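> compute the structure for the input listed below.
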Amino acid sequence: MMFDIAGRPAYAYTGGKPFDAARPTIVFLHGAQHDHSVWGLQTRYFAHHGFGVLAPDLPAHGRSAGPALSTIAALADWTIHLLDAAQTDKAIFVGHSMGSLVALDAAARHQARALGLALVSTAAPMAVSDMLLDAAREHEPEAIDMVNQWSHSTIAAKPSAPAPGFWLRGVNQRLMERISAQGEAQLFHTDFSACNGYADALERAATVQCPVLILSGKRDVMTPPRASRPLVEAMKRAGATVSAVELDGGHALMAEQPDAVLDTLFTFALKCAGER
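Got it, this is the predicted structure:
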């Protein structure tokens, strides 16, 4: 579904059903060098089980026009503008990796709009090494290859989504290459720089009031479970209800553990929607 945000086209996948603002809304935010398709299984299930789904391509990713936004705060504001364009007041914010920071910032700075907050493969801070930043700027194919290797906990995970027989690492590699080919120059570096430069995560976490779910991969080498603990502690000190769940997988949890991610998110979302 296409929306207009500040005069530029913005695409959001709605899970195969028309978006209905009368239903509880859930927003799925992708990570660096990705698009809405990483949430394929989860978005379709939610859309067919009582939720209004918005899974946007962030600016300059996929079908949304650029330019790319260079800060997490700007991406969070863009997400709130998407809710306005969809004429929905409140949402459950779900984000993966870079998208988790966007979801956190949106839920913290726009508390009246947040029914719940789910952070998948998150960290505070989400530091990116100089080596990877340099590779993303000067040798993007090498950066894509490195991140793809680090995102998966095994070379041949048994997939259940998108369908039996898919090679998960190959699918992710081609997705990042396609985003690179279609997007603007040095998009991966822009995304990584936004993550690396975001210094407000703990401050934002300390103001979150809605229910929170932290979903981590036990074998995630990019954002290991311990990297999310400062967020959990900050949110709990602020009085938020926080659940932390670890699944057997790496950074690409939606690919390696699609059913478990779906089950965990759906159980959390039902509770959030019931409290709206």
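> which residues of the stretch 1-150 of the chain fall in strands?
Counting by DSSP state E, counting those that start in this stretch, the stretch 1-150 of the chain has strands at residues 2-5, 8-13, 25-29, 52-56, 91-96, 114-120.
> and of the ones you listed, who's closest to residue 19?
The closest of the strands of the stretch 1-150 of the chain to residue 19 is strand 52-56. By CB to CB, the value is 5.3 Å. Yep, even glycine has a C-beta here, placed from its N, CA and C like the rest.
> and of the strands of the stretch 1-150 of the chain, who's closest to residue 169?
Nearest to residue 169 among the strands of the stretch 1-150 of the chain is strand 91-96 (16.7 Å), distances taken as CB to CB.
> what's the angle from the closest one to strand 25-29?
20 degrees (axes from the mean of the first three to the mean of the last three CA atoms, to 10 degrees).
> report all helices and strands that strand 91-96 contacts.
Packing partners of strand 91-96 (3 or more CB pairs under 8 Å, 6 or more residues apart in numbering; DSSP states H and E): strand 25-29, helix 98-109, strand 114-120, helix 258-274.
> switch those over to CSV; also include distance to residue 168, mean neighbour count and mean pLDDT.
Putting the helices and strands packed on strand 91-96 into CSV (distance: least, CB to CB, whole Å; neighbours: other CB atoms under 10 Å; pLDDT from 0 to 100) gives the following:
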stretch, distance to residue 168, mean neighbour count, mean pLDDT
strand 25-29, 19, 27, 98
helix 98-109, 19, 27, 98
strand 114-120, 16, 27, 98
helix 258-274, 10, 18, 95
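> as JSON lines, those with distance to residue 211 would be great.
Shown next, in JSON lines, are the helices and strands packed on strand 91-96 (distance: least, CB to CB, whole Å):
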{"stretch": "strand 25-29", "distance to residue 211": "13"}
{"stretch": "helix 98-109", "distance to residue 211": "10"}
{"stretch": "strand 114-120", "distance to residue 211": "5"}
{"stretch": "helix 258-274", "distance to residue 211": "6"}
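> so which of those is nearest residue 215?
strand 114-120 (4.6 Å).
> just give me the neighbour total for the nearest residue in space to residue 250 that is not next to it in sequence.
Among residues not flanking residue 250 along the chain, residue 153 sits closest, at 3.4 Å (CB to CB, 6 or more residues apart in numbering). Burial of residue 153 is recorded as 19 neighbouring residues (other CB atoms under 10 Å).
> what pLDDT does residue 162 get?
Residue 162 is assigned a predicted lDDT (pLDDT) of 62.
> endpoints of stretch 51-62, how far apart?
23 Å (CA to CA, to the nearest Å).
> cool, and stretch 130-150?
Note: stretch 130-150 ends 16 Å apart using CA to CA.
> for that stretch, buried residues please.
By 16 or more other CB atoms under 10 Å, the buried positions in stretch 130-150 come out as 132-133, 135-137, 140, 143-144, 146-148.
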